[in-house]
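> below are the sequence and a predicted model; questions follow.
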Amino acid sequence: MKSGASAADRNVNYWSGRGGDEPIRFGFLLVPGFTLVGFGAAVDPLRLANVVARRTLYQCVTLTLDGSPVRSSAGVCVMPDCAAADAMALDAILVIGPNPLPTAGVEPILRWLRAQAASGVALGGVDTGSYFLASAGLLDGYRSTIHWEDMDALLDRFPRLVVSSKLFEVDRDRCSCSGGIAPVEMMIHLIGLGGGGHKIASAVAELMIYECRGPEERQKTALRDVAATSHPKLVEAIKLMECNIEELLTMEEIATHMQFSARQLERLFREALNCTPRQYYLQLRLDRARQLLTRTNRPIADIVMACGFVSFAHFSHRYHASFGISPSADRRGHATGGDKFANVTASGRAPALLPPPGSTARPEVSAPPR
């Protein structure tokens, strides 16, 4: 391929299968606690591509590590087609990530993903699926993305990763997308790159009553983007705060950087956001702390320092005032909601998801965190 080929041209080779009339074979690895909407949003565009083309462009197979049924974060149980090790030769595998992230027992999944990568299979992650690829060392040197709630957790553990806030990323033989219906966007893009072509991809989007926003679209509209429409200096101030969470800037330092007086800075925030810059900075730090607290296993003492608080007592007081719960209780609450999916055993089973055979007990279902 010519060195001047576009990124899209480079990506085509990895998502077009074996060529000819052979279907492109996609495997969907369902991790215990996987997001049901993410799974549906990823698989259905491929089904519709077959409908539009009036032939089998794509073959889809659902997998779990050991072939056992797996329960989604919504409580719906899915019977896979087969165990991961028994799957036919695949062209691409998408990990449908769980919510919340598991804290243990994922090494068998990582070993299998590494083996697939070594055999030349293209890999992707849906929602938190990219966290598994990163944990397996399979995103090094690739652009990637993840659901915005888990972005801090991902970068905290893998600071060298190139992670964007886009809806999806396709970089050579890796792809990733955020949660919700973002997989629809990514899969339509992959259909355009692969066997379907842009005409079929457009028809799929129309059938799904979906207006594609494009790969440059961000997951959510950040406050600073909204602020940009009113005052670019406000955007500048917010960026300074976001980049200085651990080593805090004083209001005077922020104002000086912007060639403002402290009084002008305060007036700007009050008029645009109905709060002082100090209040905004504090809430920014608390929001960051909550993401790290509820979505990582990082010690609370480390989080306190990483978010610029001088003591645990001060942090705890501010946290409770903002969220109505103590940091420790908030972490325990999230851990309780995720326990069913945290301890994935070597067989790939998440304990207590299904009652034993012959039992009359109803399976326990917990509400998903998001």
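Arrived safely, thanks for sending.

> tell me how far residue 251 lies from residue 237.
According to CB to CB, to the nearest Å, residue 251 and residue 237 sit 10 Å apart. Placement of C-beta: from N, CA and C, glycine included.

> the two: which has the busier surroundings?
Between residue 251 and residue 237, counted using other CB atoms under 10 Å, residue 237 has the larger neighbour count: 27 against 17.

> looking at it, residue 67 is touching residue 87, isn't it?
No. Contact criterion CB atoms under 8 Å: residue 67 and residue 87 do not qualify, at 9.8 Å.

> give me the low-pLDDT residue ranges for the stretch 1-150 of the chain?
Scanning the stretch 1-150 of the chain for pLDDT under 70 picks out the ranges 1-13, 17-20, 103-104.

> again, only using 80
The stretch 1-150 of the chain contains residues with pLDDT under 80 at 1-21, 100-105.

> what segments of it are strands?
Assignment of strands within the stretch 1-150 of the chain using DSSP state E, counting those that start in this stretch yields the ranges 24-30, 58-64, 70-71, 77-78, 82-83, 92-96, 122-126, 143-145.

> of the ones you listed, which stretch is the most buried?
The highest average neighbour count among the strands of the stretch 1-150 of the chain, using mean count of other CB atoms under 10 Å, belongs to strand 122-126 at a mean of 29.

> which secondary structure elements does that strand contact?
helix 36-53, strand 92-96, helix 107-118, helix 129-135, strand 174-177, helix 182-193 (3 or more CB pairs under 8 Å, 6 or more residues apart in numbering; DSSP states H and E).

> okay, the ones you listed in a markdown table with distance to residue 73 next?
Shown next, in a markdown table, are the helices and strands packed on strand 122-126 (distance: least, CB to CB, whole Å):
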| stretch | distance to residue 73 |
| --- | --- |
| helix 36-53 | 7 |
| strand 92-96 | 10 |
| helix 107-118 | 17 |
| helix 129-135 | 13 |
| strand 174-177 | 17 |
| helix 182-193 | 15 |
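
> between these, which one is nearest to residue 155?
Residue 155 lies closest to helix 129-135 among the helices and strands packed on strand 122-126, at 9.8 Å (CB to CB).

> neighbouring contacts of that closest one?
Helix 129-135 has contacts (CB atoms under 8 Å, 6 or more residues apart in numbering) with 29, 31, 94-97, 101, 106, 109-110, 113, 123-125, 139, 144-146, 150, 153-154, 157-158, 161, 174, 176.

> just the buried positions in it, please.
Neighbour counts using 16 or more other CB atoms under 10 Å place 129, 130, 131, 132, 133, 134, 135 of helix 129-135 among the buried residues.

> now swap in stretch 162-175 and tell me
Buried residues in stretch 162-175 (16+ other CB under 10 Å): 163, 164, 166, 167, 168, 169, 170, 171, 173, 174, 175.

> follow-up on the earlier one: between residue 251 and residue 237, what contacts are shared?
The contact lists of residue 251 and residue 237 share 265, 277, where a contact means CB under 8 Å, 6+ apart.
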